[in-house]
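**Student:** Predicted model follows, preceded by the sequence.
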Amino acid sequence: MALPRRRRTLRPGDLIEISRFGYEHWAIYVGHGYVVHLAPPSEIAGAGAASVLSALTNKAIVKKELLSAVAGSDNYRVNNKHDDKYRPLPCNKIVKRAEELVGQELPYSLTSDNCEHFVNHLRYGVSRSDQVTDAVTTASVAAGVLAAAGLVGLLLARSRRERQ
């Protein structure tokens, strides 16, 4: 789903969701047009499917870059989606923590240490990724449906054999 490019005033500490091909990249707004984000070596603005290769790395660099450069031609929006569940840290603390990490190489894992985990930890002090949770849920449901379909097929085939 493409995200609309929003013109709303950005505030330091806002979570920025950038729509990439097949996933969302996340950054945190730190002011004056800049964001801080966790960028695996293959994370290139507008790279599309090439950025999915970030799943193959186990390290990433914390970068401070212009939002316009990080988003490229991709759509983005402010998405502080967990403000109703978790209390955001004070903006100055979010920005300070983010900027202190710039230039550092951090562990990266698509399932436990990705860019969404990174920004949620900065804003809320809670490391979480709904993309990972949603993907696991979808995979679990799909596996359940396939298993049920296989079982029904097996029972029907058995029933046919017994009638013959």
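**Tutor:** Arrived safely.

**Student:** Could you list the low-confidence segments of this protein?
**Tutor:** 1-8, 41-56, 131-164 (pLDDT under 70).

**Student:** For it, just list every one of the strands.
**Tutor:** Applying DSSP state E to the chain gives strands spanning 15-20, 23-31, 34-39, 59-66, 76-78, 105-107.

**Student:** elements contacting the fifth one?
**Tutor:** Based on contacts counted as 3 or more C-beta pairs under 8 Å, 6 or more residues apart in numbering; DSSP states H and E, the elements that strand 76-78 packs against are strand 15-20. For glycine as for every other residue, the C-beta is placed from the backbone atoms N, C-alpha and C.

**Student:** 10 Å instead, please
**Tutor:** Applying 3 or more C-beta pairs under 10 Å, 6 or more residues apart in numbering; DSSP states H and E, one finds that strand 76-78 contacts strand 15-20, strand 23-31, helix 67-71.

**Student:** which stretches of the protein form helices?
**Tutor:** Secondary structure of the chain, counting by DSSP state H: helices at 67-71, 91-101, 115-124, 130-163.

**Student:** which stretch among the strands of the chain comes nearest residue 116?
**Tutor:** With distances scored as C-beta to C-beta, the stretch of those nearest to residue 116 is strand 23-31 (4.5 Å).

**Student:** So which other helices or strands are in contact with that closest one?
**Tutor:** strand 15-20, strand 34-39, strand 59-66, helix 67-71, strand 76-78, helix 91-101, helix 115-124, helix 130-163.

**Student:** Apply 8 Å and report the result again.
**Tutor:** Other elements packing on strand 23-31 under the criterion 3+ C-beta pairs under 8 Å, 6+ apart are strand 15-20, strand 34-39, helix 67-71, helix 91-101, helix 115-124.

**Student:** Alpha carbons only: can I get the second one in PDB?
**Tutor:** Extracted C-alpha coordinates of strand 34-39, given in PDB (Å, rounded to 0.1, in the frame of the first residue of the first chain):
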ATOM      1  CA  TYR A  34      17.000  15.500   9.100                       C
ATOM      2  CA  VAL A  35      16.200  12.000  10.200                       C
ATOM      3  CA  VAL A  36      18.200   9.300  12.000                       C
ATOM      4  CA  HIS A  37      17.700   5.700  10.800                       C
ATOM      5  CA  LEU A  38      19.200   2.300  11.000                       C
ATOM      6  CA  ALA A  39      20.500   1.500   7.500                       C
END
